[in-house]
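S.K.: after the sequence you'll find the predicted model.
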Amino acid sequence: MKEDNQNHQEHNQHQQGRYPAHGEDDSRPFPDNTQSQSGGQFSQQYDSEPGRQGQKQEASKHQLWKYAVTVLVTVLITFSLTAGSGLMVLMFMQPDRLPTVADPDDQLGFHFADNAENREAIGKLYEVYEAIQNNYYEDLSDAQLIDAMAKGLVNEMESPYTMYLTAEQVERIDESMSGQYSGIGAYVTLNPDGYVMITDIIEESPAEEIGLMVGDLFMEVDGEDVSDFGDVNAVAALVRGIEGTTVDLVVYRPGIQEYVELTATRRVITTESVVYRMLTPAIGYIHIREFSQNSGQYFVQAMEELQSQGAVELVFDLRNNTGGLANEVILMLDYLLPEAVIATLQGRRNGEAFSESWMSEKQVGVSEDMHYAILINEISASASELFAGCLRDYEKASLIGKQTMGKGSGTITVRLEDGSAINLTNFLYYLPNGESIEGVGIAPDIVVSLPDDASGLPVNRIPQELDDQLQAAVDYLNNRESR
């Protein structure tokens, strides 16, 4: 939650599972692949990954799952550097002055405890810094090198959800969460192999009009190779643009194992995070596309309207939903549950371990006996898993579909003074039954797969006769009513 996207897969034995480069011989056999959504929270069904000859065979782990997360808390921290006792890392690196500073007031630095382990680590840092400063092909200033160290420190953390965000990336994330932007109308994420993948397509958008499909992988944007970007926001920045302009795309489509060239005309896109309708006289349906800004409010409105139309049980569709804002999912669960623990958090704050619980309040917006069927798949992640797992634990819902991605951690976004930010994994959350789903996911109560003919279609475009998962949910609720 601002925390989500995620999956695992095997590599094809041909070329380590990499597809031929665009324009190369595509005749080699490859296994069938099925799409999924939001990388990392994304599809776990890819058996191989697209690529180009000469490129690295495996994306860095720090390129996976990034941006499947959403902002939980925004924190502004101002750093001050002061002189004091202990071991100092000089920001104007001078190896001959290691390990202490004669006059620390003349330098900027960080202070560490003076011990052998820290001395060894700082000595290594000096060596690396001096080597780059003296031998790198470009002459970089101390400020540029310090900035690179700051970014590297963040990106080398073990958690794949911890990352540095440029000011432009922060702006793009804020824009995407607001629900309106100028582009083509496709939701994207990093798949587990580090490729930017389409996870959903907005109705009547340029993306839908030109025939893009869920699972398509971006290879080129306006002639620029983006296959190894490993960065959702960098690719999105190229795809988006001024309304009325065109963008040329090359995508790899795993379902047919071919590259597809397309041109879209950008226009203002307004997203709907919550869509609802009646399925039967007694069963309502709510598709929660993402837990973005104001989606909790829209969810409550949808619930009120469906109940006024006679809904006594509901299908919640979380397929391809990679998560979102924690406060939005809490608002939704608060409406559905009496006073109860939604999740328990364990993490670190201000240098200290903390544990706290998210609670729902006493007031409930539904009848006590209302029950739900929740649709999930390999792309459902983070806030989606919390929503589904919480209702399951309180025996309010049964889960139908495929096993979820498995993102049971939360992040905070620390905004820096220059407009950039760092996204930090801050806590693990535990479901009401005490379960952590981090790296595991949630297994459905009823396992149902979609037929091949529905592969690549956004949820809202799956024909009713092909949506076996939705039909299973309706059958489950109907049978429950008859008992």
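M.R.: Good, I have the coordinates. Residues are numbered from 1 along each chain as shown.
S.K.: could you use CA atoms for every contact and neighbour count after this?
M.R.: OK.
S.K.: give me the buried positions along the longest helix along the chain.
M.R.: For the chain, the longest helix by residue count, based on DSSP state H, is helix 116-135. By neighbour count with 16 or more other CA atoms under 10 Å, helix 116-135 contains the buried residues Arg119, Ile122, Gly123, Leu125, Tyr126, Tyr129, Gln133.
S.K.: next SSE after it?
M.R.: helix 142-155 (DSSP states H and E).
S.K.: buried residues in that following helix?
M.R.: Leu145, Lys151, Val154, Asn155.
S.K.: what's the first helix or strand after it?
M.R.: Counting by DSSP H and E, what follows helix 142-155 is strand 163-165.
S.K.: which stretches in the stretch 201-350 of the chain count as helices?
M.R.: 206-209, 232-239, 295-308, 326-336 (DSSP state H, counting those that start in this stretch).
S.K.: and the second one, what does it pack against?
M.R.: Same thing as helix 232-239. helix 167-178, strand 186-190, strand 217-221 (3 or more CA pairs under 8 Å, 6 or more residues apart in numbering; DSSP states H and E).
S.K.: least confident of the ones you listed, on average?
M.R.: Least confident of the helices and strands packed on helix 232-239, judged by mean pLDDT, is helix 167-178 with a mean of 74.
S.K.: circling back to that earlier point, between the helices of the stretch 201-350 of the chain, which one is closest to Asn426.
M.R.: helix 326-336 (13.1 Å; CA to CA).
S.K.: run through who's touching the closest one.
M.R.: 1-2, 71-72, 291-297, 299-300, 342, 358-361, 363-366, 383, 387 (CA atoms under 8 Å, 6 or more residues apart in numbering).
S.K.: next, the angle from it to helix 295-308.
M.R.: Inter-element angle recorded for helix 326-336 and helix 295-308: 20 degrees (by axes from the mean of the first three to the mean of the last three CA atoms, to 10 degrees).
S.K.: with just CA atoms, put helix 326-336 into CSV.
M.R.: Output of helix 326-336 as CSV, limited to C-alpha atoms (Å, rounded to 0.1, in the frame of the first residue of the first chain):
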residue,chain,number,x,y,z
ALA,A,326,-4.0,2.6,2.9
ASN,A,327,-6.5,5.1,4.1
GLU,A,328,-8.9,4.2,1.2
VAL,A,329,-8.9,0.5,1.9
ILE,A,330,-9.4,1.2,5.6
LEU,A,331,-12.4,3.4,4.8
MET,A,332,-14.0,0.6,2.8
LEU,A,333,-13.5,-2.0,5.4
ASP,A,334,-14.7,0.3,8.1
TYR,A,335,-18.0,0.5,6.2
LEU,A,336,-18.3,-3.3,6.0
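S.K.: picking that back up, how about the buried residues of helix 142-155 in CSV, adding pLDDT and distance to Val232?
M.R.: Output for the buried residues of helix 142-155, formatted as CSV (pLDDT from 0 to 100; distance: CA to CA, whole Å):
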residue, pLDDT, distance to Val232
Leu145, 93, 25
Lys151, 91, 17
Val154, 92, 18
Asn155, 87, 15
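S.K.: just put those in TSV and tack on distance to His287.
M.R.: Formatted as TSV, these follow (distance: CA to CA, whole Å):
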residue	distance to His287
Leu145	47
Lys151	38
Val154	35
Asn155	34
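S.K.: nearest to Thr411 among those residues?
M.R.: Val154 (13.2 Å).
S.K.: what is the helix or strand that Gln469 is a member of packed up against?
M.R.: Following DSSP H and E, one finds Gln469 within helix 468-482. Under the contact definition 3+ CA pairs under 8 Å, 6+ apart, helix 468-482 sits against strand 313-317, strand 372-376, strand 397-401.
S.K.: which of those strands sits most buried?
M.R.: strand 372-376 (a mean of 28; mean count of other CA atoms under 10 Å).
S.K.: partners of it, with directions?
M.R.: Strand 372-376 sits in its sheet next to strand 313-317 (parallel), strand 397-401 (parallel), going by DSSP bridges.
S.K.: next, the angle helix 468-482 makes with the first one.
M.R.: So the one you mean is strand 313-317. Using the same axes, to 10 degrees: strand 313-317 against helix 468-482 is 160 degrees.
S.K.: keeping just the C-alphas, turn strand 313-317 into PDB.
M.R.: Once non-C-alpha atoms are left out, strand 313-317 reads as follows in PDB (Å, rounded to 0.1, in the frame of the first residue of the first chain):
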ATOM      1  CA  GLU A 313     -25.000 -10.000  -1.300                       C
ATOM      2  CA  LEU A 314     -22.100  -8.600  -3.200                       C
ATOM      3  CA  VAL A 315     -19.300  -9.600  -5.600                       C
ATOM      4  CA  PHE A 316     -16.100  -7.500  -5.100                       C
ATOM      5  CA  ASP A 317     -13.800  -7.700  -8.100                       C
END
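S.K.: please tell me how far the nearest residue to Ile286 once chain neighbours are set aside sits from Asn118.
M.R.: Of all residues not flanking Ile286 in the chain, Tyr276 sits nearest, at 4.3 Å (CA to CA, 6 or more residues apart in numbering). Tyr276 sits 57 Å away from Asn118, going by CA to CA, to the nearest Å.
S.K.: Ser367 too?
M.R.: For Ser367 relative to Asn118 (CA to CA), the value is 60 Å.
S.K.: likewise Leu424?
M.R.: Counting by CA to CA - Leu424 and Asn118 are separated by 24 Å.
S.K.: ditto for Asp248
M.R.: For Asp248, the distance to Asn118 - CA to CA - is 51 Å.
S.K.: Pro160 now?
M.R.: For Pro160 relative to Asn118 (CA to CA), the value is 25 Å.
S.K.: now swap in Lys362 and tell me
M.R.: On the measure of CA to CA, Lys362 and Asn118 end up 52 Å apart.
S.K.: and Phe218, by the same measure?
M.R.: 43 Å.
S.K.: then Ile379?
M.R.: Taking CA to CA, one finds Ile379 at 42 Å from Asn118.
S.K.: equivalent analysis for Asp317, please.
M.R.: For Asp317 relative to Asn118 (CA to CA), the value is 51 Å.
S.K.: same question for Trp358.
M.R.: For Trp358, the distance to Asn118 - CA to CA - is 39 Å.
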